[in-house]
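J.: After the sequence you'll find the predicted model.
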Amino acid sequence: AECLSEITDTTGPVDAKEEILDECESIWKQMEECQSKIMLLGTETLLPSDAKFSLLMLQWKALAVNFRQWQARNPEIISTNPDVLLELGEEELQKVKKDLEMVLSTVRSKNKQLEEDLKREQQWYEEQKQILETFNKIEEEANTQDEHPYPERELNELKNKVSKLKTYKNELLAALGEFLDEHFPLPERAENIKKKKSSAEPVVELITLQEILEMLINTLMTTPHEPYITINESFWPPYIELLLRYGMALRHPEDPNRMRLQAFHK
């Protein structure tokens, strides 16, 4: 009442007061109608099978009304002030710029990885080409061996060198195996089985650190263009962490479950 008296005192005409009262009465009538509809909906009894369908229909009607309201709604103008519009435009442009910079960084990283893969493929191709040329030469020499046989002395020397190399390789592998078994042994089998039984999982046979190193070396030598091996449950996690921490192995940049031997020979 005091607000209305102030309005009449300040504005003067009585029409404004009557207009506000009419609007309040109209809103009040709409509230009463909505309350009566809610009461009627609450008193209706539905069968259990029809309750879910009726609830879905009510939700659909509510969504349809909300859709019509949004469809009939005019877009609100944020501001007509050019300074405000300029500032908002700059903020949106900065966001777009950051998004584009992230996309550009991702594309550059992917291109770099593709270039490295291409270099490895080209290197592997050149190595295979050399191997093929060497094989062809050996084949040609083998074909001409009947006409110009090697002296028996040179053949024996080659056989002795190959035998010494194989013996030296086996000695190195044996020494490496003894060193790794002594300083980096596998966990106790009984303890491993106990842990697996307590976790109700099948027992996985762990492989030694020497076997892991041999797999990495053989993969790097046989397929240098794809030197990665897959890490499975038979790899003891402390062995993996040891190889990665001391730079003897590298993880795949996109797949953490794959790793390769560091190319020390390059």
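T.: Nice, I can see it.
J.: residue ranges with poor pLDDT in the stretch 51-200 of the chain?
T.: For the stretch 51-200 of the chain, applying pLDDT under 70 flags the ranges 51, 73-80, 142, 144-151, 189-200.
J.: run the last query once more with 90
T.: 51-92, 106, 109-110, 112-114, 116-200 (pLDDT under 90).
J.: how much space between F179 and L220?
T.: Distance, F179 to L220, by C-beta to C-beta, to the nearest Å: 21 Å. All C-beta spots, glycine's among them, are computed from the backbone N, C-alpha and C.
J.: higher neighbour count, those two?
T.: L220 (19 against 12; other C-beta atoms under 10 Å).
J.: Let me see the contact set for the more buried one.
T.: Taking C-beta atoms under 8 Å, 6 or more residues apart in numbering as the contact definition, L220 lies against 227, 260-261, 263.
J.: again with K119
T.: Applying C-beta under 8 Å, 6+ apart, no residues qualify as near K119.
J.: Just the pLDDT at L216, thanks.
T.: Confidence at L216, expressed as pLDDT, is 90.
J.: and it, what does it touch?
T.: Going by C-beta under 8 Å, 6+ apart, L216 touches 227, 229, 249, 259-261.
J.: Can you show me the helices along the stretch 51-200 of the chain?
T.: 82-143, 152-183, 189-198 (DSSP state H, counting those that start in this stretch).
J.: Dump these to TSV, plus distance to E211.
T.: Formatted as TSV, these follow (distance: least, C-beta to C-beta, whole Å):
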stretch	distance to E211
helix 82-143	25
helix 152-183	9
helix 189-198	16
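J.: mind checking which of the ones you listed is nearest D255?
T.: Across these, D255 has its closest neighbour in helix 82-143 (12.0 Å, C-beta to C-beta).
J.: from the contacts of L216, which ones fall inside strands?
T.: The strands, defined by DSSP state E, take in 229, 249, 259-261 from the contacts of L216.
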